[in-house]
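Q: The sequence and its predicted three-dimensional model are supplied below.
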Amino acid sequence: MLRPVEDTARLIERLVGEACAALAARGLLPPDLGAVRAAQLAGKRGTGDFICRCRLASATEADGLLPEAAAAICRELPLPDGVLSGAELSDGGVINFRLSDAWFDHALDEIIKLGDGGCGLTGNGGSVLAAFVCGSGTGTPEALRGDVLTENFASACRCAGFKAASERFEDDLAAHGGAAGRLAASYDRIIKASELDGGYMDETLAALEERGLAVWKNGAAFLPVMEGGAGEARLLRGPKGAYSSFALKLAYLRLALSEKAFDRVVVVLSGAGGGGKAECQALRQSLSGLGADADRLEFILLGGVRLIGAGSDDSSPEELLELCRKSRAAADSVRFMLGARPEAPAALDMDLAARSDAGNPAYRIQYAHARLCRMLKAADRAGQASAEASPAKPYAEDERELIKKLALFPDKITRAAKTARPFIINRYLSELAALFYEVYRAGRFTGPEGALSASGIRLARAVKAVLGAGLGLLGMEAPE
């Protein structure tokens, strides 16, 4: 699938850069007119479709382009057929670009290909290990949240064109099995702490000692607080020879960085057992001290999860799992809620997860997909025009907003993969569903007699394709 938004942004940047160079060569622009700001979709309606601005390379106080310079660039700009229909000056030297209807037609064609199995992106390359270092047993809300985020991140990486593998590293007491039911994650490999050879643990401790990164006190080994570090010294091995949770994490990550051919190792780290930014810093510094390439290491930190429901502020994990066992829809809602921003503590409302109404964000997205399926089936039964038929009218403003949001899907996937922020997809699907309902209520999908129009069929197929692909990425059902 092509990236209509990214491709258009690069085109606008090139056109603005060429216009700047041509005007500067004729002495009509200052020679210090420097870097072209990245073009991007306009954030507000009524301000064009894309915005772009330059800045004076020598200026430190002025962020934007001088209005007279921007006006000259607008006059110089060519407008390629099939892409741009206009460019005008806005406040602060910002240039607003308006996309042509042909651009929206092309974007819809590309988006509809998702429905024909063209979900995967290419061109990113590289390899990623998504690893959940679990500090609690399967079935606890924190462990379920880690499973969901790791699985969502690995899925986004694969869809974005990366070679991705997923692992879960857990203490032997954190048994992994069927207890999670419908929320159980599918890992390429599950590693228990007992599988780390005792000799490897001893060798890791010896390497730390050799580099002055381990000190002994009262028969126990500790990692001292390093320069710029926070907190207290961390236990590595107790007086009776048992290695600490921190030491096990350190050894596992050392193995992942030194013996596995991954460009990035992205670790979802549970807050249980002393997790947090200080622990991440200590792990990174220790690994660097051991000679591992810690620059390839990234962390996704998990906040705690509090269960609420049935009028109570304190529900049990067993109640959560029972809810998910009884209902696939509720399990999907829980999965969606657990996949939201991971850093902040979350209050998971089990009553909300069980609801089938617009107040449930997951249900709202899934219902939009189901409604689109019914609309298209009805059109098929009526023998209406195919999605390939030419649109009967120019696109209304709200339709343009919806198609631009659809066209952002590949960019959102790539961003989620590259920044290790899989929750971007959750937020994107919520915004897309909201735009769909707005356009649907405005009657944009139907013709004068209430049946789907040719352009409505195209738009419905595109929205259905993206919602279906997005729900699949999150491990959720796309109901019909």
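A: That came through, no problem.

Q: where are the low-confidence patches of the stretch 301-450 of the chain?
A: Within the stretch 301-450 of the chain, the stretches with pLDDT under 70 are 310-314, 384-393.

Q: so where do the strands sit in it?
A: Remark: strands assigned in the stretch 301-450 of the chain by DSSP state E, counting those that start in this stretch are 305-308, 346-349.

Q: Include distance to residue 374 and mean neighbour count when you put the ones you listed into CSV, please.
A: (Glycine included, C-beta is placed from N, CA and C.) As requested, these are exported to CSV (distance: least, CB to CB, whole Å; neighbours: other CB atoms under 10 Å):
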stretch, distance to residue 374, mean neighbour count
strand 305-308, 34, 18
strand 346-349, 29, 18
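
Q: What segments of the stretch 151-300 of the chain are strands?
A: 163-170, 189-192, 215-217, 220-223, 234-237, 264-269, 297-301.

Q: So what are the sheet partners of the second one and their directions?
A: To tie it back to what came earlier, the one meant is strand 189-192. According to DSSP bridges, strand 189-192 forms sheet pairs with strand 163-170 (parallel).

Q: what does the strand it pairs with contact?
A: 126-134, 147, 150-151, 154, 157-158, 176, 185-193, 248-249, 252, 256, 262 (CB atoms under 8 Å, 6 or more residues apart in numbering).

Q: Quick check: buried residues in that strand?
A: For strand 163-170, the neighbour count (16 or more other CB atoms under 10 Å) marks 164, 165, 166, 167, 168, 169, 170 as buried.

Q: Report the angle between it and strand 264-269.
A: Here strand 163-170 runs at an angle of 30 degrees relative to strand 264-269 (axes from the mean of the first three to the mean of the last three CA atoms, to 10 degrees).

Q: Quick one: neighbours of residue 355, just the number.
A: By other CB atoms under 10 Å, the residues close to residue 355 number 15.

Q: separation between it and residue 233?
A: Noted for residue 355: a distance of 48 Å to residue 233, by CB to CB, to the nearest Å.

Q: quick one, helices of the stretch 51-200 of the chain?
A: 67-76, 101-112, 141-159, 198-210 (DSSP state H, counting those that start in this stretch).

Q: What helices and strands are in contact with the shortest one?
A: Of the remaining helices and strands, those touching helix 67-76 by 3 or more CB pairs under 8 Å, 6 or more residues apart in numbering; DSSP states H and E are helix 4-25, strand 54-56, strand 84-89, strand 95-99.

Q: State the mean pLDDT of the longest one.
A: Read that as helix 4-25. For helix 4-25, mean pLDDT rounds to 87.

Q: Equivalent analysis for the last one, please.
A: For strand 95-99, mean pLDDT rounds to 91.

Q: One more: stretch 182-190?
A: Averaged across stretch 182-190, pLDDT comes to 84.

Q: residues of it that come out buried?
A: Residues 182, 183, 184, 185, 187, 190 are the ones in stretch 182-190 that count as buried (16+ other CB under 10 Å).

Q: Please enumerate the helices of the stretch 351-480 of the chain.
A: Going by DSSP H, counting those that start in this stretch, the stretch 351-480 of the chain shows helices at 361-381, 397-407, 409-418, 423-441, 454-473.

Q: Put together TSV for those, with distance to residue 296 and mean neighbour count on each row.
A: Listed next are the helices of the stretch 351-480 of the chain as TSV, based on distance: least, CB to CB, whole Å; neighbours: other CB under 10 Å:
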stretch	distance to residue 296	mean neighbour count
helix 361-381	34	19
helix 397-407	32	21
helix 409-418	14	24
helix 423-441	22	19
helix 454-473	24	24
